[in-house]
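Chemist: Below are the sequence and a predicted model for it; my questions follow.
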Amino acid sequence: MKRNSHPPHGLSNRQISNHESPSLRLYQVWKGNNIFALRGRLIFGPDSGSLYLTICLIAVPVILFCSLVSQSLVKYFPNNVGLILVVIPAVLTLYILVLIFLVAGRDPGIIPRNLPTQEQDDDWDASSSMSSNGWGVGHSGKFLAPSKSVNVNGTVVRVKFCQTCLIYRPPRCSHCSVCNNCVERFDHHCPWVGQCIGRRNYRSFFLFVTSTALLCFYVFTMCWVNIIMTMQENGSSIWEAIMKSPVCGILITYTFTVQWFVGGLSAFHLYLVITNQTTYENFRTRYERRRNPFNKGCAQNLKEALFSKTPRSQNDFRAFIKPEAYSQYNSSRYFGNAFSMNFSKRSYETESSADGTELDLERCESNPVDRSNKWAAAPDLHRLASKFITENPTRDKEKRNTGICNL
């Protein structure tokens, strides 16, 4: 039985056009700056080209080690011990490449954005109901407060409304200016993998950094072992042993330099994991002066970061989008009328405590917000209106007096 290709009766011309339009998938109309592969199954950042450089910086030294230095190690260590010493860095390199793939090609925790509509552009109404993820806005109020307060483990945390994604960002969420997405538990945007580091790929990123540091230390150590064995075999000096195996000298210099970077980065992120912080919070919020509401203790923090289950993505990039939603995804209008007021842009500097003192984890406006009515988010607008009311009658009276004098 063939499917009826005619549109249903009673549809307008515009509806008939939408009915006949081919369906597109979400990744084809995605408003972020991401790059998709395998028809939306993989999502990369806009600067994913840096992956080639990162892979080369890891793979090339290991190839040189396995192809040139390994021959001496196999000779110096009998009973297949030398062969095992060569296989270890090769396996560790493959493991690191898999981790790079998991970090760079996975959804880091992008929070779905609310879609603009024609009706909202004309008269936006967004202050009561929330979207399915709990942080979006509905359509029943005229103005939105630029920030609001939520309670996290007895501490009041102020979160900000994202004018690009049209959602109240959850705690620890931030909007990445490179990828143009709000990312849950945003840590940073890593230029080496060209992807945001968030809740869904932080564990892979941490293992990637620590494994790279371990690989550098291993190659550095084995190169020195090779030089020492060469010195003992030939009775030569260090310089003569390095000249006999110049690749060892190059790898020692390279791994020693890289070790300072990846080793320090591994130690820094281990500190962040133990204290349950993100890189963004560590640079923006000084928890040594404030109570960290997300700190659950060393053991629980390690369990949460390294052994908890990775949550499912909130976005189905391969889902089909209805034709009438194309214009919503491709629209460039972002409700400027709701946020036309000029709020000051400086962060709160308030101490946090368990008694309800506010803690600012986002860049919020400094004006106190009273949410009792729709005009509470616009105190400057009140003053402007009152000034206009008092000045306008005076100006009208002056104009009438001038007109009478001219007559």
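Modeler: In hand now; what should we look at?
Chemist: Checking the residue lying closest to G40 once chain neighbours are set aside next. Helix, strand or coil?
Modeler: Nearest non-adjacent residue to G40, counting by CB to CB, 6 or more residues apart in numbering: Y27, 3.5 Å away. For the C-beta atoms, the positions are set from N, CA and C on the backbone; glycine is no exception. Secondary structure state of Y27, per DSSP: H, G, I helix; E, B strand; the rest coil, is helix.
Chemist: now Y27: how far from E288?
Modeler: 42 Å (CB to CB, to the nearest Å).
Chemist: the more surrounded of those two?
Modeler: For Y27 versus E288, neighbours defined as other CB atoms under 10 Å are more numerous around Y27 (23 against 7).
Chemist: Go ahead and confirm that one touches F320.
Modeler: No - using CB atoms under 8 Å, Y27 is not in contact with F320; the gap is 10.9 Å.
Chemist: May I have the longest strand that the chain contains as PDB, with CA atoms only?
Modeler: If you go by DSSP state E, the chain has its longest strand at strand 155-162. Taking C-alpha atoms only, strand 155-162 is exported to PDB below (Å, rounded to 0.1, in the frame of the first residue of the first chain):
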ATOM      1  CA  THR A 155      24.100  28.000  50.100                       C
ATOM      2  CA  VAL A 156      22.200  30.500  48.000                       C
ATOM      3  CA  VAL A 157      23.800  30.600  44.500                       C
ATOM      4  CA  ARG A 158      22.900  33.300  42.000                       C
ATOM      5  CA  VAL A 159      22.500  32.100  38.400                       C
ATOM      6  CA  LYS A 160      22.300  34.200  35.300                       C
ATOM      7  CA  PHE A 161      19.900  34.200  32.300                       C
ATOM      8  CA  CYS A 162      21.600  33.400  29.000                       C
END
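Chemist: Can you spell out which helices and strands pack onto it?
Modeler: Under the contact criterion of 3 or more CB pairs under 8 Å, 6 or more residues apart in numbering; DSSP states H and E, strand 155-162 touches strand 147-152, strand 167-168, strand 358-360.
Chemist: Can you report how many residues lie near L215?
Modeler: 24.
Chemist: same check, this time on the one 5 residues further on
Modeler: With neighbours defined by other CB under 10 Å, the count for F220 comes to 18.
Chemist: For the host helix or strand of it, name the packing helices and strands.
Modeler: Using DSSP states H and E, F220 falls within helix 202-234. The elements that helix 202-234 packs onto, with contact taken as 3+ CB pairs under 8 Å, 6+ apart, are helix 50-64, helix 70-76, helix 81-104, helix 238-244, helix 246-275.
Chemist: Quick check: the residue nearest to R172 when sequence neighbours are not counted vs T210, distance?
Modeler: In space, and not counting its chain neighbours, R172 is closest to R185: 4.7 Å by CB to CB, 6+ apart. According to CB to CB, R185 and T210 sit 19 Å apart.
Chemist: Settle it for me: which of these two has more neighbours?
Modeler: A count of neighbours by other CB under 10 Å puts R185 above the other of R185 and T210, at 21 against 18.
Chemist: how about the residue nearest to R172, what does it touch?
Modeler: Going by CB atoms under 8 Å, 6 or more residues apart in numbering, R185 touches G109, R172, C173, G198, R199, Y202, T278.
Chemist: Next one: it from C196, what distance?
Modeler: Taken as CB to CB, the span from R185 to C196 is 10 Å.
Chemist: intersection of neighbour lists for those two?
Modeler: Residues touching both R185 and C196 (CB under 8 Å, 6+ apart): G109.
Chemist: buried sites along stretch 36-54?
Modeler: For stretch 36-54, the buried set under the neighbour-count rule, 16 or more other CB atoms under 10 Å, comprises F36, G40, L42, I43, F44, G45, D47, S48, S50, L51, T54.
Chemist: from the residues you listed, which two are the most distant?
Modeler: Checked with CB to CB, the buried residues of stretch 36-54 reach their widest spread between G40 and T54, with 23.7 Å between them.
Chemist: So the residue nearest to R172 lies in a strand, does it not?
Modeler: No - secondary structure of R185 (three-state DSSP): coil, not part of a strand.
Chemist: hmm, back to that, out of the contacts of R185, what pair is the most spread apart?
Modeler: Farthest pair in the contacts of R185, by CB to CB: C173 and Y202, 13.4 Å.
Chemist: which of the contacts of R185 tops the neighbour count?
Modeler: These, ranked by neighbours (other CB under 10 Å): first place G198, 28 neighbours.
Chemist: Just want the phi and psi numbers for that one.
Modeler: The phi and psi torsions at G198 (degrees, to the nearest 10) take the values phi -140, psi -160.
Chemist: List the contacts of it.
Modeler: Shown in contact with G198 (CB under 8 Å, 6+ apart): P108, G109, I110, V183, E184, R185, F186, D187.
Chemist: Can you give me the distance of the closest residue to the fourth one other than its chain neighbours to Y76?
Modeler: Okay, so that is V183. The shortest distance from V183 to any non-neighbouring residue, by CB to CB, 6+ apart, is to G198 (4.1 Å). Distance, G198 to Y76, by CB to CB: 46 Å.
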